[in-house]
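Undergrad: Have a look; sequence and predicted model below, questions after that.
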Amino acid sequence: MSSVKVESVVQHNCKLGESPVWEEKESSLLFVDITDKKVYRWNSLTKELHSVSVGAPVSCVCLRKSGDYMITLGTQFAALNWKNKSVTTIKNVDLDKSNNRFNDGKVDPAGRLFAGTMGEEIRPAVLERQQGSLYTLFPDHSVVKHFDKVDISNGLDWSLDHRTFYYIDSLSYSVDAFDYDLQTGKLSNRRSVYKMEKEESIPDGMCIDSDGKLWVACYNGGRVIRIDPETGKRLQTVKLPVAETTSCSFGGNDYSELYVTSASQGLDEASLSGQPKAGNVFKITGLGVKGIPPNSYAG
Ligand SMILES: O=C(O)[C@H](O)[C@@H](O)[C@H](O)[C@H](O)CO
Ligand SMILES: [Zn+2]
């Protein structure tokens, strides 16, 4: 544990960095700045940072089997062609809720894209409650709504045997689990597997490691925690030099590096001068665990 190292690898102050995803064939980390309406790609070999402006709040980026990327943009599921910098709408959701936007999303082991929505934040974590829903975009481009009355739809991932779906609605201060049916993509039997402790603050993005334990980024908690969904116990805490840690995912050659995005918006001048790296992307090494490669959208 003593060899754990945290370093800033992208020295750019995102307003609201989110959705880190490793792209093996580019040796790159994809992520978004929701507020800045940009998708970023950071090359881990050349350290170059490139971005594409997409014209609306973009809350998640993921890989697509046919090439390109998938994004959630405003209330749309969309495709992003990186070379042409072009966006193609695939499906719109929450048509009756004009202030909503998508938030976190991820592809399941069968190539379906899961993403949830939320109402408009007046400031971080302050918004009209229960305006969001959780959706799936199937490979045939059909959309299913799993449930509504979500406050801030956030981190999600699947267990290694694909029989459990883990999910965070941030304002419940809980990490939840559902039984998952990989054949149909259906969710059932919701329960809580971890309750946040006070200093951990708000649960945000999340990913699973190759031991089946969950890593949760703690918004306003300045840390990522490793939890055991079987026992409900926290196994490890890694603190970062910024308060608004938003999401995490494994990358690097062998998926042994944990990448963590962060935010700078919502911090006043005083807090910002105390944490000049707010909004950077960090790399944590020396954890002694690995992640698993991200899935690609099959449609
Ligand atoms: O990063 C996200 O997932 C949201 O888009 C943010 O808005 C924060 O989560 C929220 O402000 C605190 O919960
Ligand atoms: Zn999030």
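TA: Done, it's in. Ligands and ions are numbered 1, 2, ... in the order given.
Undergrad: neighbours around the closest residue to ligand 2 within the stretch 1-150 of the chain, how many?
TA: Per CB to the ion, Asp104 is where the stretch 1-150 of the chain lies closest to ligand 2, at 4.4 Å. Yep, even glycine has a C-beta here, placed from its N, CA and C like the rest. Residues near Asp104, counting by other CB atoms under 10 Å, number 27.
Undergrad: mind checking which helix or strand it is in?
TA: strand 101-107 (DSSP states H and E).
Undergrad: And for His50?
TA: Here His50 is assigned to strand 49-53, by DSSP H and E.
Undergrad: thinking the residue of the stretch 1-150 of the chain closest to ligand 2 is in contact with Ser59, fair?
TA: Yes: in this structure Asp104 lies within contact range of Ser59 using CB atoms under 8 Å: 6.6 Å.
Undergrad: which residues do these two both contact?
TA: 18-19, 115 (CB atoms under 8 Å, 6 or more residues apart in numbering).
Undergrad: Leaving out the residues flanking it, which one is nearest to whichever residue of the stretch 1-150 of the chain sits closest to ligand 1?
TA: As assessed by CB to the nearest ligand atom, ligand 1 sits closest to Pro124 within the stretch 1-150 of the chain, at 3.5 Å. Ranked by CB to CB, 6 or more residues apart in numbering and with sequence neighbours excluded, the top spatial neighbour of Pro124 is Gly266, at 4.1 Å.
Undergrad: next one: Ser19
TA: Using CB to CB, 6+ apart, the closest residue to Ser19 is Cys60 (4.3 Å).
Undergrad: now the one you found, which residues is it bridged with?
TA: Thr72 (DSSP bridges).
Undergrad: Contact partners for it?
TA: Here Cys60 is in contact with 18-19, 32, 71-72, 102-106, 115 (CB under 8 Å, 6+ apart).
Undergrad: The same query, at a cut-off of 10 Å, please.
TA: When contacts are counted by CB atoms under 10 Å, 6 or more residues apart in numbering, Cys60 touches 18-19, 21, 30-32, 34, 39, 69-73, 77, 102-107, 113-116, 156, 205, 247.
Undergrad: same for ligand 1: which of those are within range?
TA: 18, 34, 103-104 (CB under 6 Å from any ligand atom).
Undergrad: Cheers, nothing more for now.
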